[in-house]
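Colleague: With the sequence up front, the predicted model follows.
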Amino acid sequence: MVKIVIADESHFKYADIICETIEISAQQRGTGIAKRTPEYIITKMTNRNAVIAVDGDKFAGFCYIEAWGHGKYVANSGLIVHPDYRNQGLAKKIKEKIFAYSQEKYPEAKIFGITTGLAVMKINYELGYKPVTFSELTDDPTFWKGCQTCKNYDVLTRTDHKMCLCTGMLYDPKDKKHEQKHPFNKKVLLRLKSIKQALFLKNKKP
């Protein structure tokens, strides 16, 4: 049975497979995902800023918290599910766990994320996130530095950090409109994604 828990020192042994799973997923999807090192993952576990899904001793999924602007902004990043546990709704459960944990640790913070994945966008939307421009996200340069290992980083630099293939999504705890959501429109986001790819990748050097 898969359990989702707050990651700690007992989970250090999974750092390598977490990084490998993230990298392989990026290669298979052909999308940009920033690479992470085992040392970075271990730091998140040490600081209790991550959740991990395990099935006995087997790694099943992972996600971690990053705090920016002295805790005013929080990102839930690195969401990954091992191939053996995909298509079972685990990603949504992990996302719900890290989202609730982020609100517990940083009750006043705006929670945000950037992603190219429609599945993640849908989960975020159902949690109360809304699509926003990058200017509404943190301006902390350390956050954007984390994108340097993404294969589409040149797009971000060409647009002066105003736009990329990723879609920015934000949850503001002070925004009371979360209850009045419209149904998730996959077609609109697919169209947006295709426009971005056509606009930014046609001029990209091989």
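Modeller: All right, it came through fine.

Colleague: in this protein, which segments are predicted with low confidence?
Modeller: By pLDDT under 70, the low-scoring segments of the chain are 29-34, 176-206.

Colleague: which other helices and strands contact the biggest strand by length in it?
Modeller: In the chain, with assignment by DSSP state E, the single longest strand is strand 58-68. Contacts defined by 3 or more C-beta pairs under 8 Å, 6 or more residues apart in numbering; DSSP states H and E place strand 58-68 against strand 2-6, helix 15-29, helix 38-46, strand 50-55, strand 73-81, helix 90-105, helix 141-145. Heads up, the C-betas are built off the backbone N, CA and C, glycines and all.

Colleague: So for G128, which of these sits nearest?
Modeller: helix 90-105 (8.8 Å; C-beta to C-beta).

Colleague: That closest one: what's the following helix or strand?
Modeller: Next helix or strand after helix 90-105 toward the C-terminus (DSSP states H and E): strand 110-115.

Colleague: Let me see the residues that make contact with that next one.
Modeller: Residues outside strand 110-115 that contact it (C-beta atoms under 8 Å, 6 or more residues apart in numbering) are 72-77, 99, 102-103, 120-121, 124, 129, 132, 134, 137-138, 164, 166-173.

Colleague: OK, contacts around the residue nearest to the spatial centre of the chain?
Modeller: Residue closest to the average C-alpha location in the chain (C-alpha atoms, centre = their mean): S77, at 3.4 Å. Going by C-beta under 8 Å, 6+ apart, S77 touches C63, Y64, I65, E66, G113, G146.
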